[in-house]
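J.: build me a structure from this.
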Amino acid sequence: MTEHTLPAGVAAALERGLAAMDLDAALAPPLLTYLTLLDRWNRTYNLTAIRDPMEMVTRHLLDSLAMQPFLESGTLADLGTGPGLPGIPLAIARPQLQVTLVESNGKKARFMREAVRQLGLGNARVAESRAEALAEPGAYDHLTARAMDTLAGIIQVGGHLLRPGGRLLAMKGVHPHDEIAQLPSGWQVEQVLPLHVPGLTGERHLVVVAGP
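T.: Alright, predicted model coming up:
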C-alpha cells in the first residue's frame, strides 16, 4: 500500500492560516498528521461530509483552533466531537489542557483512538458514549460542542459534566439571540465573542455560558 499523502498546497494553506491567527508554526506537522489520517479514513468510513482536504484546513482545523485563546489549561469535555473536532486540534495546541473526546459513534471513536495514538496525545482520551450517559458528574472545567444542538440542548445532555463555576464554550455561526433567550434557569451568558477564521466566509461566534 502506498503512503497516503495530502494534495499539494494543503500544508502551505495551513501554515498561512496559523500565521494569520498568530499561532506557532510548530503546530503544523501534528495537525497535518491528523489531517492526513482523517482524509484517509474518511474515504472509507465517511467520518465527515467535507471531502476536500483544502476545505478541511479552513472548516475543521482553523475553525477549531479559533477558540484556543480561551482555553489554556484545566479539563475539557468535547461533546459530540465526531472525528475529534474541535477537541484534537485543541489538544495539539494546548498541551496543558486535558481533553475528553465524547462520541457515541463507534467508527468515529475508533478513528480518534488511532489519531490520539499516532499523535502521542497524552492529554486526550476518547469516551465512546452519549454525552447524557457519561457518568463523570462535575468532572470538567469546560464543555464545548462545535456542531451539536442548541445551547439549551447542549446543557440538557452535558450540563451534569460541568463543575460548579465551570463554563460552556459553544461555537455558533451568527449571534444566537433566540438560543440565548431559551437558556435554562441559572445558566447565564457571560460573553458572545466574534471569532476570526482565516478563509472562512460567514459569521462565527463563541458563546461563553456560566453554569449555575
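J.: Pro184 is in what secondary structure piece?
T.: According to DSSP states H and E, Pro184 maps onto no helix or strand at all.
J.: OK, contacts around it?
T.: By Cβ atoms under 8 Å, 6 or more residues apart in numbering, the contact list for Pro184 reads Ala152, Ile155, Gln156, Gly159. Any C-beta I mention is one placed from the backbone N, CA and C, and that applies to glycine too.
J.: buried stuff in the longest strand belonging to the chain?
T.: Criterion DSSP state E: the longest strand present in the chain is strand 162-172. Judged by neighbour count (16 or more other Cβ atoms under 10 Å), strand 162-172 contains these buried residues: Leu162, Gly166, Arg167, Leu168, Leu169, Ala170, Met171, Lys172.
J.: and if you look at stretch 111-124?
T.: Here stretch 111-124 shows Phe111, Met112, Arg113, Ala115, Val116, Leu119, Leu121, Asn123, Ala124 as buried, counting by 16+ other Cβ under 10 Å.
J.: that older thread, what does the longest strand of the chain contact?
T.: By Cβ under 8 Å, 6+ apart, the residues outside strand 162-172 that reach it are 63, 66-67, 70-71, 86, 138-147, 151, 154-155, 159, 179, 187, 190, 195, 204-211.
J.: CA atoms of that strand as CSV?
T.: Output in CSV follows, covering the C-alpha atoms of strand 162-172 (Å, rounded to 0.1, in the frame of the first residue of the first chain):
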residue,chain,number,x,y,z
LEU,A,162,-19.6,20.7,34.4
ARG,A,163,-18.1,21.5,37.8
PRO,A,164,-19.6,24.4,39.8
GLY,A,165,-18.3,27.6,38.3
GLY,A,166,-17.4,25.9,35.0
ARG,A,167,-18.1,27.2,31.5
LEU,A,168,-19.8,26.1,28.4
LEU,A,169,-17.9,27.4,25.3
ALA,A,170,-20.2,26.8,22.4
MET,A,171,-19.2,27.6,18.8
LYS,A,172,-22.0,29.1,16.7
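J.: who does it pair up with?
T.: When pairs are called by DSSP bridges, strand 162-172 turns out to pair with strand 140-145 (parallel), strand 205-210 (antiparallel).
J.: among the ones you listed, which is the most enclosed?
T.: strand 140-145 (a mean of 24; mean count of other Cβ atoms under 10 Å).
J.: chain center to the helix or strand following that strand, what's the gap?
T.: Scanning forward in sequence from strand 140-145 by DSSP H and E, the next helix or strand is helix 151-158. How far helix 151-158 lies from its chain's middle: 16 Å, per Cα atoms, centre = their mean, to the nearest Å.
J.: and helix 151-158 with strand 140-145, angle?
T.: 130 degrees (axes from the mean of the first three to the mean of the last three Cα atoms, to 10 degrees).
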